[in-house]
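[1] model the structure of this input:
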Amino acid sequence: MRLLLINPNISDSVSALIGAEARRSASPGTEIQVLTAPFGVAYIETRFEALAGAWATAQLAAEHHAGCDAVVVAAFGDPGLTALREVLPVPVTGLTEAALASAHLLGQRIGVIAISQRIRAWYREVIESYGFGSRLAGIRALDRPLSGIGSVQEEHAQALQDLAERAVDEDGADVLILAGAPLAGLARTLAGRLPVPVVDGVSSAVRHAETLAALKPGRALRGSFSLPPEKPNGGLPPAIEALLRRR
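    Numbering: from 1, shown residues only. The predicted model follows:
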């Protein structure tokens, strides 16, 4: 099995974290390929940044999905995920969707730990769009400058653990999601040190992608996730134009 993980941010250090956690989580024999966005921002915090990340993700998915069994949008917030489902011939999932799918099997109230205050509004909207708004205990986030996006775990480990404990004690979270690719693998570090189950987006996405690929559910031929209707287009990258032509 071959999984394609696309980091919608331009940070190679974060792609390294994604790749390391993905390979630790994957089943024996699963091949992991991680790609980094060729343009965009170091880490997505806002709706507009997510728009840029979604377009970068779409280009990479169009160019590199051939031969893959599933595609993972490897950023919390899943920029471009539902749009990619319309055009890719393989299953697509993302860190938010997969983490929520895992978390809801482990507890009723879901707490989210994030790396910045600004990111919370966008995360909340994405979680609500997946139908988990009523299950969300809260989103707690770091409130301090980040010197390097690839070193968030090391530099802010205690603060992140404190936020997680407050989410349990004050928000009533039954299960926690450590949100964002920069926190990939932190759930392993905190295993046994928090009073509730902890979910990692990358490991969840890899396992769910493997499951979806193995189930071979087919793709939508009708309905809102079927291929977009044929129409004239112009100025699109060749790989994206080819996806739109595929029938």
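
[2] list the contacts of the one helix or strand R207 maps to.
    Under the criterion of DSSP states H and E, R207 resides in helix 201-215. Helix 201-215 has contacts (CB atoms under 8 Å, 6 or more residues apart in numbering) with 1, 3, 5, 17-18, 21-22, 24-27, 30, 32, 69-72, 74, 76, 90-91, 93-99, 101-102, 177-181, 183-185, 187. Placement of C-beta: from N, CA and C, glycine included.

[3] and the helix or strand hosting G111, how far out from the chain middle?
    Per DSSP H and E, G111 falls inside strand 110-114. Computed by CA atoms, centre = their mean, to the nearest Å, the chain-centroid distance of strand 110-114 equals 14 Å.

[4] low-confidence ranges in this protein?
    Filtered on pLDDT under 70, the chain yields the residue ranges 147, 247.

[5] buried stuff in the helix holding R207?
    201-210, 212-213 (16 or more other CB atoms under 10 Å).

[6] so which elements touch the strand holding G111?
    helix 119-129, strand 136-141, helix 157-169, strand 175-178 (3 or more CB pairs under 8 Å, 6 or more residues apart in numbering; DSSP states H and E).

[7] what lines up beside the second one in the sheet?
    Translated: strand 136-141. According to DSSP bridges, strand 136-141 forms sheet pairs with strand 110-114 (parallel).

[8] phi and psi next, for the nearest residue to S226 once chain neighbours are set aside.
    Using CB to CB, 6 or more residues apart in numbering and skipping residues adjacent in sequence, the residue nearest S226 is A220, 4.7 Å away. Here is the backbone geometry of A220 (degrees, to the nearest 10): phi -70, psi 130.

[9] now A220: how far from A16?
    34 Å (CB to CB, to the nearest Å).

[10] which one of the two has more residues nearby?
    A16 (15 against 12; other CB atoms under 10 Å).

[11] and the strands in the chain, which stretches?
    Assigned by DSSP state E, the chain shows strands spanning 2-7, 31-36, 70-73, 92-94, 110-114, 136-141, 175-178, 198-200.

[12] run a quick neighbour tally on E86.
    That count, for E86 with other CB under 10 Å as the rule, works out to 16.

[13] again with L183
    27.

[14] do the same with R135
    R135, neighbours per other CB under 10 Å, totals 17.

[15] show me the domain layout of this structure.
    Per the record, the chain has its domains at 2-95+204-245, 97-200, by automatic domain parsing.

[16] and the longest one, end to end?
    According to CA to CA, to the nearest Å, domain 2-95+204-245 extends 24 Å from its N-terminal end residue to its C-terminal end residue.

[17] cool, and the last one?
    Terminal residues of domain 97-200 are spaced 11 Å apart (CA to CA).

[18] next one: that domain to chain centre, how far?
    Using CA atoms, centre = their mean, the offset of domain 97-200 from its chain centre is 13 Å.

[19] likewise the first one?
    For domain 2-95+204-245, the distance from its own C-alpha centre to the chain's C-alpha centre is 9 Å (CA atoms, centre = their mean).

[20] then stretch 194-213?
    10 Å.

[21] returning to what we had before: of the strands of the chain, which is nearest R124?
    Of all the strands of the chain, it is strand 136-141 that lies closest to R124, at 6.1 Å by CB to CB.

[22] T36: which of the buried residues of helix 201-215 is nearest?
    V202 (14.4 Å).

[23] next one: that closest one from Q33, what distance?
    Applying CB to CB to V202 and Q33 gives a distance of 14 Å.

[24] look up how far G111 lies from the most centrally placed residue in the chain.
    The residue lying closest to the centre of the chain (CA atoms, centre = their mean) is L95, at 2.3 Å. To G111, L95 is 16 Å away according to CB to CB.

[25] on that earlier part again, okay, the buried residues of helix 201-215 in a markdown table with distance to N9 next?
    What follows is the buried residues of helix 201-215, written out as a markdown table (distance: CB to CB, whole Å):
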| residue | distance to N9 |
| --- | --- |
| G201 | 14 |
| V202 | 13 |
| S203 | 19 |
| S204 | 19 |
| A205 | 15 |
| V206 | 18 |
| R207 | 22 |
| H208 | 21 |
| A209 | 19 |
| E210 | 24 |
| L212 | 24 |
| A213 | 25 |
